[in-house]
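Visitor: next come a sequence and a model predicted from it.
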There are 2 protein chains.
Amino acid sequence: MKEIKAVIVGFGNIGKAFLRVLMEKSSFLENKLEKKVKIIAICEADGSLVNEAGISLKEALSRDIKRLNYWKENKNAVSLIQELDLDILFEFTPGNIESGEPGYTHIREALSNGINVITSNKAPLALKFSELMNLAKRNGVKLKYEATVGGAIPIINLRDTYLFGEEIIELYGILNGTTNYILSKMTSELLSLDSALKEAQELGIAEANASYDIDGIDTAAKVAILANSLLGKRVSIKDINICGIRDITLEAIELAKKHGYVIKLIGDCKKLEVAPKLIPKWSPLNVSGTLNAITLETDIAKKITLVGYGAGPRETCSAILADLIDVLRDL
Amino acid sequence: MKEIKAVIVGFGNIGKAFLRVLMEKSSFLENKLEKKVKIIAICEADGSLVNEAGISLKEALSRDIKRLNYWKENKNAVSLIQELDLDILFEFTPGNIESGEPGYTHIREALSNGINVITSNKAPLALKFSELMNLAKRNGVKLKYEATVGGAIPIINLRDTYLFGEEIIELYGILNGTTNYILSKMTSELLSLDSALKEAQELGIAEANASYDIDGIDTAAKVAILANSLLGKRVSIKDINICGIRDITLEAIELAKKHGYVIKLIGDCKKLEVAPKLIPKWSPLNVSGTLNAITLETDIAKKITLVGYGAGPRETCSAILADLIDVLRDL
């Protein structure tokens, strides 16, 4: 049984959900891959929980980690990356879409130190995709980011497996669950955008500051990542033309409906564009609620559409677990 | 550049489409995987085209292979499998769902001789899944069958990659494009089943003898394969309860529609059942035309739905190419 040493940076909803999944799956991973993942640090913005003998996942989940014995005030992720002998860094901090920080620094530091990175953090990749991928390559490690796009939908890893031999011609879809929820509500219940948004906020589907979703920025970050990853384009979020759903009126929704269409916020990775589009009612992209849906057009499979939950901490862990397994197989 | 020697058994629509795809992708495979796939025989029921120096794919596609120089009357696949030094057998014959023949014999013979098998032939796997998989394992070779279910939809290979760490709890979907086309037409144009079937036959979507599709047998074969492959059940098509769409009336379709439902022929791999079911209009499974759609419910990703073309020679080659790449990586 090989012991794999890992650090988690960012202990919010995703970090916590991932610890739970790791507890559930640890004996499976031990049996199938003969690898034991040992979490030796969990880093927050103001300090870190550090125990080189391995942190008790149960304890970290059941109590405030800042009150645990091994909590070190002001100990930050960067210094731990440099000091500890690590195999994997899990980067789960929320990313600033202007600077990519603090994730960008964490990821760069880890890769430079020969540490594999698995992240759910869109910002660093939406800004600096090729720089970070090249850094990983030069250091002989992996940078895995399935969780940054489409939550539980297997899209990034498909490129190296099922779609390896295919030429991807078009790639577009619904990449943000919040806006899809709002548009679906407007369509099915004829709510105004403001009422649908308010409902989404009350349900915790939308943030108090909903601009990141509503104005298409979250979708654009995912478009940038997919365009790099699946279409081989060398672009950043700054190259994406973005139009959100703020100006979609109920009249537009009703008119679309009358003609057999629905309005969806579509990210188009070929055109590098985010904009509301008319989608035929019968299209596989016409999924409602918080679902995401991605259509690939290729030279051989022609059209494949993948539908799943684009957010939710546990669903996102599906992507993180797939990335972890891929990394463990090589360690 | 390693040379990989392969034989194609069954040279109908899929065999021909695959040769075309192989021509298109051969330099890609040589560049990326450093493997050159050389087809040294193409077998039909009444003879084989054999050239150990490599068959010209262009020639085999542009002329009747029985008129080519290397055609050997009465030379059959089984004797070639025994005589030739082969790496891969492509089994593309149409399978008899009662006996699994002739594919069953071809696959068994190849695996026993240490030859990897890639097949689009459902019958042998729907009947003898574990026997054949065990035979492959014992002989240290692969038996790949992505093309047997859902055409271009990446479902089988997902088990070993993206879904490796997940527990699949439910697995069901629309697995037959012909019946989906008929039901879609009945729903959208209020055609009777007979008229919709006739239209499908005129368009070449349904066979003259449509029983295999309409009566749910094709769907049941796929249910058996998925149940073995993704749910670990040890069953054959004989264990599946089958009810086709023959008795679906326009009245039933209209009544369903009135209540916000559509009727779809659903294969359920957990319940081992094929039957027409009411599907909510907003469900991702509500796809129309010849599309297939498969929903997986898992412990972490929760619900993923994959939509794509379930048939069509070129689309099916998407699955065959993915299997080929997987086999080539290990050779």
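Guide: Okay, I see it. What you see is a predicted model; the values in this text were computed from it and never measured. Residues are numbered from 1 along each chain as shown, chains lettered A, B, ... in the order given.
Visitor: how about the lengthiest helix in chain A and chain B, touching?
Guide: The single longest helix within chain A, with elements called by DSSP state H, is helix A:13-33. Yes - on the criterion C-beta under 8 Å from any C-beta of the partner chain, helix A:13-33 is in touch with chain B at A:21, A:24-25, A:28-29, A:32. Heads up, the C-betas are built off the backbone N, CA and C, glycines and all.
Visitor: which of those residues count as buried?
Guide: Neighbour-count burial within the residues of helix A:13-33 next to chain B applies to A:21, A:25, A:29; the criterion is 16 or more other C-beta atoms under 10 Å in any protein chain shown.
Visitor: without its sequence neighbours, what residue ends up closest to the first one?
Guide: Of all residues beyond its chain neighbours, the one nearest residue A:21 is residue A:317 (4.4 Å), with distances taken as C-beta to C-beta, 6 or more residues apart in numbering or on different chains.
Visitor: would you mind measuring from the one you found to residue A:225?
Guide: Distance, residue A:317 to residue A:225, by C-beta to C-beta, to the nearest Å: 18 Å.
Visitor: sheet-wise, list the partners of the strand or helix carrying residue A:8 with their directions.
Guide: Taking DSSP states H and E as the criterion, residue A:8 maps to strand A:2-9. Sheet pairing for strand A:2-9, assigned by DSSP bridges, gives strand A:35-44 (parallel), strand A:88-91 (parallel).
Visitor: pull the CA atoms of the helix or strand just after the longest one into CSV?
Guide: Going down the chain from strand A:35-44, the next helix or strand is strand A:47-50, by DSSP H and E. Coordinates of each C-alpha in strand A:47-50 appear next as CSV, following Å, rounded to 0.1, in the frame of the first residue of the first chain:
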residue,chain,number,x,y,z
GLY,A,47,-3.9,29.5,9.0
SER,A,48,-3.5,25.8,8.5
LEU,A,49,-4.2,22.5,10.2
VAL,A,50,-1.0,20.5,9.8
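Visitor: helices and strands around strand A:47-50, which ones?
Guide: In this structure, strand A:47-50 packs against strand A:35-44, strand A:71-73, helix A:77-83, with contacts taken as 3 or more C-beta pairs under 8 Å, 6 or more residues apart in numbering or on different chains; DSSP states H and E.
Visitor: could you give the average pLDDT over the shortest one?
Guide: I take that to be strand A:71-73. With pLDDT averaged residue by residue, strand A:71-73 scores 94.
Visitor: would you list every one of the strands in the stretch 101-250 of chain A?
Guide: A:116-119, A:143-144, A:168-174, A:241-242 (DSSP state E, counting those that start in this stretch).
Visitor: at the contact with chain B, which residues of the stretch 201-331 of chain A appear?
Guide: Proximity of the stretch 201-331 of chain A to chain B is confined to A:282, A:284, A:287-288, A:291, A:293, A:298-309, A:312, A:314-315, A:317-318, A:321-322, A:324-326 under the rule C-beta under 8 Å from any C-beta.
Visitor: coming back round to it: buried residues in the longest helix of chain A?
Guide: Buried residues in helix A:13-33, counted by 16+ other C-beta under 10 Å: A:14-22, A:25, A:29, A:33.
Visitor: which single residue of the stretch 1-150 of chain A ends up nearest chain B?
Guide: Residue nearest to chain B within the stretch 1-150 of chain A: residue A:25 (5.7 Å; C-beta to the nearest C-beta).
Visitor: what number of residues lie near the nearest residue to that residue once chain neighbours are set aside?
Guide: If the residues on either side of it in the chain are set aside, residue A:25 comes closest to residue B:165, at 5.7 Å by C-beta to C-beta, 6+ apart. Per other C-beta atoms under 10 Å in any protein chain shown, the neighbour tally for residue B:165 reads 24.
Visitor: contacts only, for residue B:165.
Guide: A:25, A:28-29, A:321-322, A:324-325, B:300 (C-beta atoms under 8 Å, 6 or more residues apart in numbering or on different chains).
Visitor: and with 7 Å instead?
Guide: Shown in contact with residue B:165 (C-beta atoms under 7 Å, 6 or more residues apart in numbering or on different chains): A:25, A:28, A:321-322, A:325.
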